[in-house]
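Q: Generate coordinates for the sequence data below:
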Amino acid sequence: ISYEITMGVSIVGILAIYGTLDLSEITRYQAGTFLGVLPNWGVFLNPIGFVIFFISMMAETKRAPFDLPESESELVAGYLTEYSGMKFLLYWLGEFAEIVVASAMVVLLFFGGWQLPYVDVTAISSDWGGILPSVFRDWNFQWAPLIGAAVFGAKTALFCVIQVVLRWTLPRFRYDQLMNFCWKIMLPVALANLVGTVILLLWGVYS
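A: Now for the predicted structure:
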């Protein structure tokens, strides 16, 4: 539950910027630019919130270096030692599905969802300016949903790969280090970031 608190605080900050809980509206909000140069993505609007959310997400999905509930050196009982075969597989399918869902949330909240930087995906015409074969123009094929789905899938896959890379790169924490890192570092930084975000909102920085 420790990292759920920091994750929730980081989400509150970014949702305060967007002013909505609708994920579709959040994605559409990220279609423009910030300060005229950067994509209007949450990672640029609230970078500290992104770092806190990503670390908390890895802890919640029990990926290394936060995988103490599943680490081989810590197991003496529980389903990981008592089940095998398909039952064991179903547990791990749920674990890896959690990684995909968490990566998708990172993309939706902080990396523009299905949006491409500096490109309005919804404005892409059905014939791409006449360069496609006539059969596509005759069908009036809508490319925007297909491109958006491909972009969203690629971003989500990238964050899944990042989690796998970090799993085999970082050493595992001890339990006391894990708790100290959350309560003494992550939570105070998350609260300070939330206060700073609210102050910037009142100053109209995000408007």
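
Q: which residues touch the residue nearest the centre of the chain?
A: Per CA atoms, centre = their mean, the C-alpha nearest to the average position across the chain is that of residue 106, at 1.0 Å. Residue 106 makes contact with 50, 53-54, 57, 159 under the criterion CB atoms under 8 Å, 6 or more residues apart in numbering. Yep, even glycine has a C-beta here, placed from its N, CA and C like the rest.

Q: Let's see if you can find the most crowded of those.
A: residue 53 (27 neighbours; other CB atoms under 10 Å).

Q: Identify the spatial nearest neighbour of it, chain neighbours not counted.
A: residue 10 (4.2 Å; CB to CB, 6 or more residues apart in numbering).

Q: Low-confidence stretches in this structure?
A: 1, 63-81, 121-142 (pLDDT under 70).

Q: Run through the helices of it in chain order.
A: Here the chain has its helices, by DSSP state H, at 2-18, 23-29, 42-45, 47-60, 79-82, 85-110, 134-139, 143-167, 175-180, 187-202.

Q: Now render the ones you listed as a markdown table, adding distance to residue 119.
A: Putting those into a markdown table (distance: least, CB to CB, whole Å) gives the following:
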| stretch | distance to residue 119 |
| --- | --- |
| helix 2-18 | 21 |
| helix 23-29 | 14 |
| helix 42-45 | 16 |
| helix 47-60 | 22 |
| helix 79-82 | 45 |
| helix 85-110 | 16 |
| helix 134-139 | 20 |
| helix 143-167 | 9 |
| helix 175-180 | 41 |
| helix 187-202 | 27 |
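
Q: Indicate which one of these is closest to residue 35.
A: With CB to CB as the criterion, residue 35 lies closest to helix 42-45 of those, at 8.4 Å.

Q: May I have the phi/psi pair for residue 203?
A: Main-chain torsions, residue 203, degrees, to the nearest 10: phi -80, psi -10.
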